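Colleague: Show me how the following folds:
(chains A and B)
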Amino acid sequence: MSWEVVIGLEIHAQLTTKSKIFSGASTEYGAAPNSQACPIDAGMPGMLPVLNHAVLGKSIMLGLALDAELGMRSVFDRKNYFYPDSPKGYQTTQMDFPIVGQGKLEIELEDGTKKVIGVTRAHLEEDAGKSVHGIVPGQTGIDLNRSGTALLEIVSDPDMSSAKEAVAYAKKMHELVQYLGICDGNMQEGSFRVDSNVSVRRPGEPLGTRAELKNINSFKFIEKAIEIEIERQIEVIESGGKVVQETRLYDSEKDITRSMRTKEEANDYRYFPCPDLLPVIITEADVEAVRVVMPELPDAKRARFVSDFNLSDYDAAVLTGSRAMAEFFEKVVALTDAKDPKMCANWATSGFSAALNRDGLSIENAPVSADMLAGMISRIIDNSISGKIAKQVFDAMWQGEGSADEIIESKGLKQITDTGAIEALVDDVLANNPDQVEAYKGGQEKMMGYFVGQIMKASGGQANPGQVNKLLTAKLKA
Amino acid sequence: MHNLTIKQMSEKLHSGEITSVQLTQHYLDRISQYDADLNAFVTVTPELAISMAEAADQKLAAGDAELLTGIPVAHKDIFCTDGVKTSCGSKMLDNFIAPYDAHVVTLMNKIGMPILGKTNMDEFAMGSSSESSYYGPTKNPWDHKAVPGGSSGGSAAVIAAGLAPLATGTDTGGSVRQPASFCGITGIKPTYGAVSRFGIIAYASSFDQAGPMTRSAEDSAWMLNAMAGFDERDSTSLNREKTDYTAELGQSLKGLKVGVPAEYFGAGLDPEVEVVIKTAISEVEKLGGEVVEVHLPNKDLAVPAYYVLAPAEASANLSRYDGVRFGYRCDQPTGLEDLYKRSRSEGFGEEVKRRIMVGAYALSAGYYDAYYLKAQKLRRMVRDDFTKAFESCDVIMGPVAPTSAFNIGEKSDDQVSMYLADLYTIPVNLAGLPALSVPAGFANNRPVGLHIVGPYFSEAKLLNIGHQFQQVTDWHKHMPAQYQ
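Modeller: Numbers count the residues shown, from 1 in each chain, chains lettered A, B, ... in the order given. Got it, this is the predicted structure:
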């Protein structure tokens, strides 16, 4: 008998605010322990939270992007539990009245099919600190730098039925929050954390007991962890056992999931409205203010790239994979007066992206800027260089040897477009290869390629290939 | 010197007749003479007080002094004071020195008001007698066998005994007004949100409100001017135009509609207290007040609602005392759970633990609706009673407490009767209204306060009523014989 898989995701997206959600302390990553925790973050006696209003616009933006109901009146609650990295003994979060209500996100699977995943809600909350081991031998330290960092917890409906769907959703959300500029998406630093709730059932039966997979910081491992967790649950049930509700950790070295804690030991969180904070009221004007500054979303951008620039679906998808790449591409197109968007797309997705990947760089710190790439593409368009020479120019730019024009000039790479010069090259090659000329005239038209190759070689690659072809054909046909 | 009004003191300071150092030293001398017995202070800060007085004298000499510049103050030990221990009356915070000042302290420091010390209180402000303090009970200056009331009992005793001209208090369920009544002084709980809670150690956040404790209503008005005002560090602080609480002092009470709820004078009210209150109300009538009957039908729901909601908030507010970052930590914890359990069970006193458990229970799964939500509904009903009553009157008058001060130890084993002692004050906190207690006489040879409750933001009016009452009575001038 077959099994049906049910997956829901809880994603914690750290909002890109300079200061914390309830204090003025900095949110910069990687500072010395406790150097960015003020008395409010440390839960000192008498300290009170004050909402950082920057989180509201970012939340509204996500709500609009998910086509969600907005919580025009949202309420902060206290979630009570004791843990050393939770300095107040409660987390300030939103329970009954979240800032973002029911919404949806469309995902596309590898085979091109589309599926709409429901988003139950997204609520604002503060992050906890971290336990630090190894600074004082035998003791655990507490670093409160992260304490109070603003998070949006985005909860999906249990709408995904495979690890691939779950990862497609997570990636789509990852792309979206970065597009919106509300989260930097850095999974290694914990800015974007995915918890997966996984259960299995026989078709038609009620939902099975779920296990939660936590703290997995790459999409690849999320997919693997979900897959082996599905297998594990099926095995447990098929061998007569029962899945218990628990949190499990994924061990990527052994490729297994391990039980971390069962819900039986879990707390009763005793939620109640936080009396230190007033309910948050959002007005239509607030929403409108966000709507006007809303960046174009990936799907819309993709469609526009296809229609405006005549790109393939594939190229449009690659270019809109991140907001930075899409903006880079559009800048190159604009700087080349949109004369050949297709060529810009090719350079952005192949030569440029390959170099980024090879050197592990991001667009912001790449040695070739959009201006520089556009400068080079302009020289291809105006026939100053060929596509082949361009590769050489690009590599030199990447090595920091200057702009395309400077490199073309200093290396003498300018394409030969002087008909007389090219004609001389053609004559030379034909004169030096009488046998091949005979063969061509005898019907072997593929010799054409041989001649072109020889001529290009003789020109050091600088002869304009179009002109070479034209002259060569004329001479051979004569 | 300690019998002067604040205004008289200020005039002498400004004219150079006395210096702040002299005035401050006078109070410090009285503290060392009397406080060993009274136990009204947890910490006395003579060096700080004198150095602040010297700075105040310079301000006075330079001519940039305000009315309260140079006048010393005692702070309830719930207000955080940078560099001075803030214990909140608890073993848990016996070692706690805040690296910041409460907003109220900041404001008063700026004016140049020397800090005499920190006053004793019920542990974490939970109590009505100041007996639950880790530092032992404070005595009532009028009768050392009696409690001073609570939780701001130390501040009330300090004013009654003339050990400070001004003291800060906080009032969550009556903690300014009831000790004011028991010690024969004046105290006002302002509208919730009028005074910033920043740096005041939280008991029940949606009720906690700081207020002045002084000899006279006029003194309270001057002091409230210094304490109140919007503070962006407290999200529940009211962003209103700055009020001058002395503005109405001197206005006639002619035509003032005084609501007297019949429910206030039922069973449980000490007959001698009843006589004092009725006599006081007739004084107000002589001043031009007109008594109208009003009703507060849900008054008896207030105490049960309060004892669900305040502990619920407290149960979370006090979770931060876990032995990890500050405060008491048990010896040799064997692990995390042991650290939590022993630090908290050894660091907190009985009443605090009782309220944490009651609060946690009321919030727990399966009980939340029956307790917490129900209590919130009662809170709204109590508030609506007041709204309705104020449609037919300007202020409501009655007793602050059903009795005068009870004896030390008398109620410490009977929590319910202790809780019921706050039945007149608690409804006001549920509604967030301002209310004043002014000395109105004696019952069983111990002071009794008249309770004057007004609509939101009516502090200036309440203080003027108290002031007019004090123009025709002298109860606020009485001092216990041994402290004169």
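
Colleague: When you work out contacts or count neighbours from here on, use the C-alpha atoms and nothing else.
Modeller: Will do.

Colleague: for chain B, what are the nearby residues on chain A?
Modeller: The interface of chain A toward chain B, taken as C-alpha under 8 Å from any C-alpha of the partner chain, is made up of A:42-51, A:78, A:80, A:82, A:84, A:87-90, A:268-272, A:275-278.

Colleague: Residue A:125: what's it in contact with?
Modeller: A:21, A:91-94, A:150-153 (C-alpha atoms under 8 Å, 6 or more residues apart in numbering or on different chains).

Colleague: Now neighbour count and secondary structure too, for those residues, in JSON lines please.
Modeller: As requested, the contacts of residue A:125 are exported to JSON lines (neighbours: other C-alpha atoms under 10 Å in any protein chain shown; DSSP: H, G, I helix; E, B strand; the rest coil):
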{"residue": "A:21", "neighbour count": "28", "secondary structure": "coil"}
{"residue": "A:91", "neighbour count": "24", "secondary structure": "strand"}
{"residue": "A:92", "neighbour count": "26", "secondary structure": "strand"}
{"residue": "A:93", "neighbour count": "23", "secondary structure": "strand"}
{"residue": "A:94", "neighbour count": "25", "secondary structure": "coil"}
{"residue": "A:150", "neighbour count": "27", "secondary structure": "strand"}
{"residue": "A:151", "neighbour count": "27", "secondary structure": "strand"}
{"residue": "A:152", "neighbour count": "28", "secondary structure": "strand"}
{"residue": "A:153", "neighbour count": "24", "secondary structure": "strand"}
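
Colleague: Out of those, which is nearest to chain B?
Modeller: Taking C-alpha to the nearest C-alpha as the measure, chain B sits nearest to residue A:91 out of these, at 10.0 Å.

Colleague: Please verify my assumption that that closest one contacts residue A:80.
Modeller: Yes - judged on C-alpha atoms under 8 Å, residue A:91 makes contact with residue A:80 at a distance of 6.5 Å.

Colleague: Okay, buried residues for stretch B:417-428 please.
Modeller: Buried residues in stretch B:417-428, counting neighbours by 16 or more other C-alpha atoms under 10 Å in any protein chain shown, are found at B:418-428.

Colleague: Please apply the same query to stretch B:400-411.
Modeller: Those would be B:400-408, B:411, for stretch B:400-411 by 16+ other C-alpha under 10 Å.

Colleague: Determine which two of those are furthest apart.
Modeller: B:400 and B:408 (19.2 Å; C-alpha to C-alpha).

Colleague: Break chain B into its domains for me.
Modeller: B:6-256+B:394-417+B:435-483, B:299-378 (automatic domain parsing).

Colleague: could you dump these to CSV with mean pLDDT?
Modeller: Listed next are the domains of chain B as CSV, based on pLDDT from 0 to 100:
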stretch, mean pLDDT
domain B:6-256+B:394-417+B:435-483, 97
domain B:299-378, 96
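
Colleague: most tightly surrounded among those?
Modeller: When you average the neighbours per residue for each of those (mean count of other C-alpha atoms under 10 Å in any protein chain shown), domain B:6-256+B:394-417+B:435-483 leads with a mean of 23.

Colleague: wait, does it contact chain A?
Modeller: Yes - contact of domain B:6-256+B:394-417+B:435-483 with chain A (C-alpha under 8 Å from any C-alpha) involves B:79-80, B:102, B:197-202, B:205-206, B:232-236.

Colleague: Endpoints of that domain, how far apart?
Modeller: Start-to-end span of domain B:6-256+B:394-417+B:435-483 (C-alpha to C-alpha, to the nearest Å) is 19 Å.
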